[in-house]
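Trainee: quick one, structure for this:
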Amino acid sequence: MALSQVVGRLIGVREHVVDPGGGGAPRVPHPVEAVVVGGGIAGMSAAVVLAERGVSVTVLEAAPTLGGRLGAWPEELADGFQQNEHGFHAFFRQYYNWRAILRRVDPQLGFLRPIPGYPILSQRWPTEEFGKLPPAPPMNLLALLARSPSLRLGDLRRMDRDAALPLLTYDPQRTYAEFDDATADALLTSLRLPDRARAMLFEVFSHSFFNHETEMSAAEMIAQFHFYLLGNPEGLAFDCPDEDYATAIWEPLARHVEKHGGRVVTGAAATALTRDGAGWRVATADGTSYAAGHVVLAVDPPALAALVTASPGLADHAPRLVARMPAFGRAGPPYAVARYWCDGDVDAGRAVFSGVSRQPTLDSVTLYHRLENESRRWAERTGGSVIELHAYACEPDVPAGELAERMRIELPALWPEVAGLRVRELRARVEAQAPAFTPGSHAWRPGVRTDADGLYLAGDGIRTDFPSALMERSAATGIIAANHVLRAEGGSAEPVRSIRPRGLLAGRR
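Mentor: Alright, predicted model coming up:
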């Protein structure tokens, strides 16, 4: 164990139990039926726990493949099929609940490989490296301040330390009460950081949540700074699968649910939800309906709002949920993902994953042929490379192909050798499904439990009372939704864990 982790544990920076689980029978003591709408991380996490505890669970996924924003599907290229994906995701090591679900299909998590380094690239400034910091606070913060070329001693002296204190004093109630109405942009401006430090240390961070800092709650930025840097013992280190998401995650998880008596139905878009006696009925586009005592809605915000709107009877049973949907259903900015199969390769020393600062469109670069086995085999066979570019929060109403071309043109300013690569194949898409964390949204953001009996929500836009984000929030809310069902029916719940619940200096305020 690293010295920083020893110090961190002494001050409470460790894995914390949010819900110990237990408290009931290992399996539900009587027949229970549940429907989970959505087959992404949140929905499948709920389904795994429910099926293991004896609930007859059916997962309804609108797409032909599972995964949501972690989805994968076969793409036909000129020289055969390759798996394509919705985009790169970092499996951070403080994703305790998501990793607990993944251990159902690989107890040792052998399919995850550490990603060395976490560089931030800029055309204007030297590269910053975040992946080689000590893992736990406060040592990681001290090392960042000592090593970062973006912050000098004089910069720290000119910095507004009172404005910076909220970053160290995260509290799940007070932080949102004090800062949710402000923007992350206003918070960053108040720090009086040099432009370079702001761009390299903070703006890249906010874009990673698919939000612009001018439209993102300051409280949410403080919470995520705590979750990823200042409150967890694992630091910014992360892993990624060495196979595509379908092979490594979704096909094994679907088999696991089915082995425990559940069903996973793809191509089944839910169209309406109605009360059916003491339970619920979910209708799908093909005319089928599914009855259940409990329903978990684990879909992205626009899809959730559309389903609620298409279910007018919900106003009689869940008026608070219905009232929150017009605001909640507005997704964050669009994001673009473009994957290029190229002739030739980039320099051998390029990192597998790199963040990008202050380019007009481009936010990150991933070298899939140095990450996943199928892409690696293609590159070895052809002498080429598989490169994926992201724009996390991009300009609206721009076609995917145009965004892909913009990102391709911007990359040579960072990696000049890319200019000499010929693109053999391109697959690009632009989506707007990620949740928005706008100022003031925390007050009306729905939690897992709704005001209707037997109806629950899950996903990365759903509020939790403990620090979480992105894939981990999806998994945690899915497990919490399952736990509500299990406790209502006499079953044993699944443990839920998180990081240190409050900031290092929270007791000082």
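
Trainee: going by C-alpha atoms from here, please, whenever you check contacts or count neighbours.
Mentor: Will do.

Trainee: remind me which residues of this structure are low pLDDT?
Mentor: Along the chain, segments meeting pLDDT under 70 span 1-2, 4, 6-8, 10, 153, 508-509.

Trainee: can I see the domain layout of it?
Mentor: With domains defined by automatic domain parsing, the chain comprises 22-69+244-329+448-493, 148-236.

Trainee: how long is the longest one end to end?
Mentor: One end of domain 22-69+244-329+448-493 to the other measures 5 Å (CA to CA, to the nearest Å).

Trainee: related to what we said a few turns ago, any chance of the domains of the chain in CSV, with distance to Leu414 and mean neighbour count too?
Mentor: Below are the domains of the chain laid out as CSV (distance: least, CA to CA, whole Å; neighbours: other CA atoms under 10 Å):
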stretch, distance to Leu414, mean neighbour count
domain 22-69+244-329+448-493, 27, 21
domain 148-236, 14, 20
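
Trainee: let's have those in CSV, adding distance to Val386.
Mentor: Formatted as CSV, the domains of the chain follow (distance: least, CA to CA, whole Å):
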stretch, distance to Val386
domain 22-69+244-329+448-493, 13
domain 148-236, 22
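
Trainee: right, so of these, which gets closest to Pro399?
Mentor: Of all these, domain 148-236 sits nearest to Pro399, with 17.8 Å by CA to CA.

Trainee: helix, strand or coil: sort out Ala475 for me.
Mentor: helix (DSSP: H, G, I helix; E, B strand; the rest coil).

Trainee: list the contacts of it.
Mentor: 41-42, 45-46, 97-98, 101, 459 (CA atoms under 8 Å, 6 or more residues apart in numbering).

Trainee: swap in 7 Å and give it another go.
Mentor: Contact partners of Ala475, counting by CA atoms under 7 Å, 6 or more residues apart in numbering, are 41-42, 45, 97-98.

Trainee: what's the answer for Leu457, then?
Mentor: So Leu457 contacts 296-298, 447-449, 481 (CA under 7 Å, 6+ apart).

Trainee: tell me which of these fall in strands.
Mentor: Counting by DSSP state E, the part of the contacts of Leu457 found in strands is 296-297.

Trainee: between the contacts of Leu457, which is nearest Ser190?
Mentor: Gly447 (30.9 Å).

Trainee: ok, and the closest non-adjacent residue to that closest one?
Mentor: Arg463 (4.7 Å; CA to CA, 6 or more residues apart in numbering).

Trainee: could you work out the end-to-end span of stretch 192-204 for me?
Mentor: For stretch 192-204, the end-to-end distance is 17 Å (CA to CA).

Trainee: likewise stretch 114-124?
Mentor: When the termini of stretch 114-124 are compared using CA to CA, they are 29 Å apart.

Trainee: try stretch 292-307
Mentor: Termini of stretch 292-307 sit 17 Å apart (CA to CA).

Trainee: list of residues touching that stretch?
Mentor: With contact meaning CA under 7 Å, 6+ apart, stretch 292-307 is reached by 32-38, 42-43, 271-272, 278-281, 325-326, 328-331, 433-435, 454-459, 481, 485.

Trainee: got the residue ranges for the helices in the stretch 201-350 of the chain?
Mentor: Under the criterion DSSP state H, counting those that start in this stretch, helices of the stretch 201-350 of the chain are mapped to 204-207, 218-225, 245, 251-259, 301-309, 314-317, 319-328.

Trainee: turn those into JSON lines, columns for distance to Pro138.
Mentor: Formatted as JSON lines, those follow (distance: least, CA to CA, whole Å):
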{"stretch": "helix 204-207", "distance to Pro138": "19"}
{"stretch": "helix 218-225", "distance to Pro138": "13"}
{"stretch": "helix 245", "distance to Pro138": "34"}
{"stretch": "helix 251-259", "distance to Pro138": "37"}
{"stretch": "helix 301-309", "distance to Pro138": "36"}
{"stretch": "helix 314-317", "distance to Pro138": "47"}
{"stretch": "helix 319-328", "distance to Pro138": "35"}
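
Trainee: and of these, who's closest to Ser357?
Mentor: helix 204-207 (6.0 Å).

Trainee: same for that closest one, what does it pack against?
Mentor: Applying 3 or more CA pairs under 7 Å, 6 or more residues apart in numbering; DSSP states H and E, we find helix 204-207 packed against strand 353-357.

Trainee: rewinding a little: nearest to Val13 among the contacts of Ala475?
Mentor: Closest approach to Val13 among the contacts of Ala475 (CA to CA): Asn97, at 17.0 Å.

Trainee: residues contacting the one helix or strand the closest one maps to, please?
Mentor: For Asn97, the host element (DSSP states H and E) is helix 96-102. Helix 96-102 has contacts (CA under 7 Å, 6+ apart) with 45, 472, 475-476, 496-498.

Trainee: hmm, try it at 10 Å
Mentor: Contact with helix 96-102 is made by 15-16, 41-42, 44-46, 48-49, 91-93, 103, 106-109, 111, 248-250, 252-253, 468, 471-479, 494-499, as judged by CA atoms under 10 Å, 6 or more residues apart in numbering.

Trainee: then stretch 151-165?
Mentor: For stretch 151-165, the external contacting residues (CA under 10 Å, 6+ apart) are 144-146, 187-194, 196-198, 201, 222, 505-506, 508-509.

Trainee: if we use 6 Å, what do you get?
Mentor: Residues from elsewhere that reach stretch 151-165 (CA atoms under 6 Å, 6 or more residues apart in numbering): 191-193.

Trainee: and if you look at stretch 221-236?
Mentor: Residues outside stretch 221-236 that contact it (CA under 6 Å, 6+ apart): 5, 13-14, 93, 135-137, 167, 467, 499-500.

Trainee: with distance to Glu128 and secondary structure added, can I get the residues you listed in a markdown table?
Mentor: Formatted as a markdown table, the contacts of stretch 221-236 follow (distance: CA to CA, whole Å; DSSP: H, G, I helix; E, B strand; the rest coil):
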| residue | distance to Glu128 | secondary structure |
| --- | --- | --- |
| Gln5 | 23 | helix |
| Val13 | 25 | coil |
| Arg14 | 27 | coil |
| Arg93 | 21 | coil |
| Pro135 | 17 | coil |
| Ala136 | 19 | coil |
| Pro137 | 19 | coil |
| Leu167 | 21 | helix |
| Pro467 | 26 | coil |
| Ile499 | 26 | coil |
| Arg500 | 27 | coil |
